[in-house]
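> A structural model of the following input is requested.
(one chain, ligands or ions: 4)
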Amino acid sequence: MRRLLALGLAAAALTAGAAEAPPLPYETKAKHLGVVNCASSLCHGSIGEWKGSNVLQNEYVTWSRVDKHALRAGQVLRNERSRRIAANLGLKQPAHEAKICVDCHGHNPPAEQRGERFKASDGIGCEACHGPAENWIRSHVAPGATHADNVKNGLYPTDDPVALARLCLSCHFGNKDKFVTHRIMGAGHPRISFELDTFTQTQPPHFVVDEDWQKRKGRWDGVRVWAIGQALAAREQLDVVLDPKRGRDGLFPELVVFDCHACHHPMSDTRWKPRVGTRPGTIRFNDSNLLMLRQIVRRTFPAESGVFDDLVAQLHRAVAGEGGDAMEAAKRLRQGLDAVVRKLRDRAFDDADLRAILAGLVDDGIAGGYGDYAGAEQAAMAMASVLDFLARRGALADVRGANAALDRLFETVRDDEKYRAERFQAALASLRTFVAR
Ligand code: HEC
Ligand code: HEC
Ligand code: HEC
Ligand code: HEC
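Ligands and ions are numbered 1, 2, ... in the order given. Predicted coordinates for the structure are as follows:
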């Protein structure tokens with residue numbers, strides 16, 4: 001039975017691929033015209049919101065004043081830390097000119113795809129996310145233009161959670177074309193963490209999902225965004241494992257897919273405890289996204305949750321050398337994730353789903369499921385998102401109490417180097433009381 005289900009997951013995967021993959025903005029051949037073309041006060045550079053317009057029209061102002069993609073992306077590559085990273089890696093160019101850095105920290109189309117007014121110094125500009133505007137700049141303001149028309153003309157569908165997740169993850173984890181390897185981290189690059197819904201909220205958003213947005217673009221469901229973000233992050237990570245080029249570095253596998261703190265803590269800090277899929281002295285696969293997905297699968301397709309848990313356990317066992325082939329396990333799980341993504345696309349989440357997912361996260365946490373920092377960090381972001389959705393839906397009785405408990409929880413994950421699972425568990429116990437209400 002289990003085998004059959006697992007095969008079902010794999011077969012479904014084969015049909016899932018094509019439709020979900022519009023080319024990313026940097027992968028298309030059209031011209032990038034530059035932020036200046038969007039920024040006029042009559043376009044997206046209005047100081048205030050326009051009352052009569054579907055969109056806010058002040059997107060440029062938000063982006064240029066408070067969005068780190070504009071503010072910092074360019075400067076960071078010129079700072080001391082970047083100089084050190086570039087020197088340690090032996091780059092021939094300074095960081096702000098090196099493709100390996102600018103592909104993520106800037107907007108870096110090839111010279112022939114840069115319009116006359118394109119300026120690299122603008123940082124991660126509008127077209128880095130919304131796609132090169134050459135073929136839609138005129139038509140998107142024509143009377144009667146629809147979102148579907150714009151997308152057909154090359155606007156990147158940021159409203160679609162799968163496309164959105166692929167876009168953000170392309171820089172906030174990396175993909176086949178750009179990637180922060182452990183070598184880059186070893187040279188001094190910070191650890192990267194990402195959670196799609198949280199980061200969408202903190203960017204901060206320059207859009208409002210109101211009735212009119214939903215009429216033009218369909219439903220926006222933050223839980224679905226979170227769930228799909230987790231599935232795609234896990235998939236990107238497995239893609240690294242499965243890619244013969246990216247997955248290995250000399251004698252070792254690429255270390256970025258493992259739990260950083262499995263290696264990075266003092267030897268005198270003996271903290272190992274028995275846990276599924278681990279043995280003393282082995283390096284753990286970073287399962288933070290998989291731990292979140294486990295809750296999502298459990299709630300959304302309970303019939304398959306046993307299979308999913310098995311696939312994850314097989315991977316852990318194989319990674320720890322307790323049997324099975326790690327590549328095969330990664331491949332099977334990778335296929336399972338495709339099926340999960342396809343199903344999540346059409347899934348709506350109601351209050352009962354939110355409560356169940358939240359309770360699952362909290363209970364797994366109290367039971368010690370988030371012993372590694374990376375899992376605890378993802379769980380905390382997930383709980384914050386779910387509590388926020390519940391609060392916004394008016395389905396949380398004591399918002400203040402929950403917020404205070406959440407603050408205490410975040411305090412325990414603020415510094416990854418000082419993370420203690422026991423403190424995280426204790427903070428969860430106090431959050432538990434707000435989950436049911
Ligand atoms: C796959 C995309 C990617 C690549 C490649 C990449 N970075 Fe980053 N880098 C990021 C992201 C995303 C962050 C932000 C992490 C966070 O705060 O969540 C970051 C953060 C940083 C920071 C810290 C910024 C701060 O605000 O303190 C520095 C410095 C940095 N990167 C330098 C570099 C240099 C130099 C290179 C080239 C060798 C490089 N990065 C390559 C994605 C990338
Ligand atoms: C880091 C990625 C990113 C960058 C950079 C970015 N956006 Fe967006 N933008 C988004 C996302 C995500 C959405 C929300 C999904 C959607 O509406 O398609 C959005 C939505 C929008 C919307 C639609 C709002 C609606 O109600 O339909 C406009 C207009 C917009 N952005 C303009 C801009 C402009 C102008 C810039 C540059 C000044 C810019 N964006 C830069 C990611 C980005
Ligand atoms: C072209 C690469 C790129 C893309 C695409 C991208 N980002 Fe980023 N983002 C970065 C880099 C680089 C930084 C780090 C800036 C810094 O601190 O120097 C960053 C920073 C951020 C931050 C601030 C993080 C912090 O530590 O304060 C948020 C939030 C964020 N991005 C959200 C998003 C979201 C949501 C998306 C998808 C809609 C997205 N990003 C797409 C490259 C990108
Ligand atoms: C398998 C063990 C292992 C894992 C897992 C691992 N690292 Fe490392 N890391 C190392 C080793 C070994 C070095 C080199 C230490 C040295 O040169 O002294 C290193 C070096 C580093 C350095 C540079 C430290 C220095 O002394 O300058 C950073 C930063 C770093 N790793 C970050 C990370 C991050 C972030 C992760 C998780 C994404 C990670 N590492 C995962 C083993 C690991």
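
> for the residue of the chain most remote from its centre, phi and psi?
Here the chain reaches farthest from its C-alpha mean at residue 143, the gap being 35.2 Å by Cα atoms, centre = their mean. Main-chain torsions, residue 143, degrees, to the nearest 10: phi -60, psi 140.

> where does it land on pLDDT?
Note for residue 143: predicted pLDDT of 86.

> Could you report the distance from it to residue 155?
17 Å (Cβ to Cβ, to the nearest Å). Where C-beta positions appear, they are placed from N, C-alpha and C, glycine not excepted.

> burial of residue 153, as a residue count?
18 (other Cβ atoms under 10 Å).

> Could you find the closest non-adjacent residue to it?
Excluding the flanking residues, the one nearest residue 153 by Cβ to Cβ, 6 or more residues apart in numbering is residue 136, at 3.9 Å.

> Surely the one you found touches residue 156?
No. Counting by Cβ atoms under 8 Å, residue 136 stays clear of residue 156, with 9.9 Å between them.

> ok, now which ones touch the residue farthest from the centre of the chain?
Residues near residue 143 by Cβ atoms under 8 Å, 6 or more residues apart in numbering: none.

> For the residue nearest to residue 108 when sequence neighbours are not counted, give me its contacts.
Excluding its sequence neighbours, the residue lying closest to residue 108 (Cβ to Cβ, 6+ apart) is residue 102, at 4.6 Å. Applying Cβ under 8 Å, 6+ apart to residue 102 gives the contacts 77, 96, 108, 120.

> name the element residue 102 belongs to?
When elements are assigned from DSSP states H and E, residue 102 belongs to helix 99-105.

> Need the CA coordinates for that helix. PDB is fine.
In PDB, the C-alpha atoms belonging to helix 99-105 read as follows (Å, rounded to 0.1, in the frame of the first residue of the first chain):
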ATOM      1  CA  LYS A  99      29.100  38.300 -11.400                       C
ATOM      2  CA  ILE A 100      29.100  35.700  -8.600                       C
ATOM      3  CA  CYS A 101      28.000  38.400  -6.100                       C
ATOM      4  CA  VAL A 102      26.100  40.900  -8.300                       C
ATOM      5  CA  ASP A 103      23.800  38.200  -9.700                       C
ATOM      6  CA  CYS A 104      22.100  38.200  -6.300                       C
ATOM      7  CA  HIS A 105      23.000  41.500  -4.700                       C
END
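
> Do any residues in the next helix or strand after it lie close to ligand 2?
Using DSSP H and E, the next helix or strand after helix 99-105 towards the C-terminus is helix 126-130. Yes. Counting by Cβ under 6 Å from any ligand atom, ligand 2 has neighbours in helix 126-130: 126, 128, 129, 130.

> quick one: which of the contacts of residue 102 is nearest ligand 1?
Using Cβ to the nearest ligand atom, residue 77 comes nearest to ligand 1 of the contacts of residue 102, at 5.7 Å.

> Could you check how far that closest one is from ligand 4?
According to Cβ to the nearest ligand atom, to the nearest Å, residue 77 and ligand 4 sit 18 Å apart.

> Quick check: the residue of the stretch 1-150 of the chain nearest ligand 4.
residue 88 (8.1 Å).

> With adjacent residues omitted, what lies nearest to that residue?
residue 187 (3.7 Å).

> got a list of what the one you found touches?
Residue 187 touches 84, 85, 88, 89, counting by Cβ under 8 Å, 6+ apart.

> mind running it again at 7 Å?
Contacts for residue 187 (Cβ atoms under 7 Å, 6 or more residues apart in numbering) come out as 85, 88, 89.

> and the gap between the second one and residue 96?
Going back to what we said before, that points to residue 88. Residue 88 is 16 Å from residue 96, by Cβ to Cβ.

> Ok, the first one next?
Plainly put, residue 85 is 12 Å away from residue 96 if you go by Cβ to Cβ.

> Mind checking which of these two has more residues around it?
Comparing residue 85 with residue 96 by neighbour count (other Cβ under 10 Å), the higher total belongs to residue 85, at 23 against 20.

> Flag every buried residue along stretch 95-110.
Buried residues in stretch 95-110, counted by 16 or more other Cβ atoms under 10 Å: 95-96, 98, 100-109.

> burial measure for the spatially closest residue to residue 204 that is not a sequence neighbour, as a count.
Nearest non-adjacent residue to residue 204, counting by Cβ to Cβ, 6+ apart: residue 66, 6.2 Å away. Applying other Cβ under 10 Å, we find 12 other residues in the vicinity of residue 66.

> likewise residue 251?
Neighbour tally, residue 251, other Cβ under 10 Å: 5.

> One more: residue 264?
The tally of other residues near residue 264 (other Cβ under 10 Å) stands at 11.

> Skipping adjacent residues, who's closest to it in space?
Counting by Cβ to Cβ, 6+ apart, the residue nearest residue 264 is residue 417, at 7.9 Å.

> sec struct for the one you found, please.
helix (DSSP: H, G, I helix; E, B strand; the rest coil).

> Equivalent analysis for the one 10 residues further on, please.
Taking three-state DSSP as the rule, one finds residue 427 in the helix state.

> Find the nearest non-adjacent residue to it, please.
Per Cβ to Cβ, 6+ apart, closest to residue 427 is residue 409, 4.3 Å.

> Quickly note the distance from that neighbour to residue 299.
For residue 409, the distance to residue 299 - Cβ to Cβ - is 21 Å.
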